[in-house]
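Asks: With the sequence up front, the predicted model follows.
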Amino acid sequence: LRPGVASAREGAIGILSRLIASVRDRFPRARIRVRLDGGFAGSEMFDYLESEGVEYVAAMAENSVLARRARRALGRARRLSRESGQSEAVFDETLYAAGSWKKRKRRVIYKAEVVRLEGRTPRDNCRFVVTNLSCTPKNVYKVYRQRGDSENRIKEAKNSLYLDRTSCRRFWANQLRVLMTAAAFALFQEIRLKLKRTSLAGAQVETIRLKLLKIGGRLKTTVRRSVLHLSGHHPWAKDWIQVARRLGAIST
């Protein structure tokens, strides 16, 4: 947890350094690849990732220099879109050095796209990413787009477990709330793993809460054991029992 006025980059390298060291300790032969949103892009971050020998793909905001270099590709995309009547994209690359990069040029991939939606005027959509990958521009952009699933997990933690509910007046109280939410999210991921080969395989947190946790039941505890009685008409009873068994419960 950071102050609300903190930039996205603050503390990012410290977190990455611990994470990368942990991954290398457990998987010494693994190839590590980092995908970054534009808020984390910057000379200091790129220098760190390159010094660590880590692959990276990071979004970058458009500027007048990059827009000018993508102009020809955008013209091709417009022509292709007029001919096909559909959205079209052209991928290309350039070497670019921002002023803060100490004149060090890096590979920038751009997607020059024209988006056509029914009933709307076609619009230009240029996107840029900085990378040290050596594959084709189109494949680099595919790698970057894979970040979408990671963002879905973040949205789950925020929308389903209220990660951003930090309404306490004291900083450390809010820090504890965030840590407790993170722990709960980790437990949900374990439940998600146990849901393989069930009707709820791949279910998101909100669905798991609604169908497996927010249900009525009666708990009977004795000296030797605790017995949970559920309704026999629960529509997901079979999945509930299967997950419970995989987590170590014994059904009677």
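Replies: Perfect, thanks for sending it. Numbering: from 1, shown residues only.

Asks: Span of stretch 163-177 from start to end?
Replies: One end of stretch 163-177 to the other measures 8 Å (CA to CA, to the nearest Å).

Asks: hmm, who's touching the helix or strand Asn174 falls within?
Replies: Assigned by DSSP states H and E, Asn174 belongs to helix 171-194. Applying CB atoms under 8 Å, 6 or more residues apart in numbering, the external contacts of helix 171-194 come out as 1, 3, 156-157, 161-163, 165-168, 202-203, 205, 208, 212, 242-243, 246-247. For glycine as for every other residue, the C-beta is placed from the backbone atoms N, C-alpha and C.

Asks: Quick one: mark the members of these that sit in helices.
Replies: 156-157, 205, 208, 242-243, 246 (DSSP state H).

Asks: Can you turn the buried part of the contacts of helix 171-194 into a ChimeraX selection?
Replies: With 16 or more other CB atoms under 10 Å as the criterion, this ChimeraX line picks the buried residues out of those:
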select :156,157,161,163,166,203,205,208,212,242,243
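
Asks: rewinding a little: mind listing what's buried along the helix holding Asn174?
Replies: 174, 177, 181, 184-185, 188, 191-192, 194.

Asks: Most distant residue from the centre of the chain?
Replies: Residue farthest from the centre of the chain, counting by CA atoms, centre = their mean, is Val223 at 45.5 Å.

Asks: got a pLDDT number for that one?
Replies: We have a pLDDT of 90 for Val223.

Asks: Contact partners for Arg123?
Replies: Counted by CB under 8 Å, 6+ apart, Arg123 has contacts 114-115.

Asks: Next, give phi and psi for it.
Replies: phi -130, psi 150 (degrees, to the nearest 10).

Asks: beta partners of it?
Replies: Applying DSSP bridges to Arg123 gives these bridge partners: Val115.

Asks: Okay, now the sheet partners of the helix or strand containing Glu93, with direction.
Replies: Counting by DSSP H and E, the element that carries Glu93 is strand 88-96. Using DSSP bridges, the strands paired with strand 88-96 in its sheet are strand 106-115 (antiparallel).
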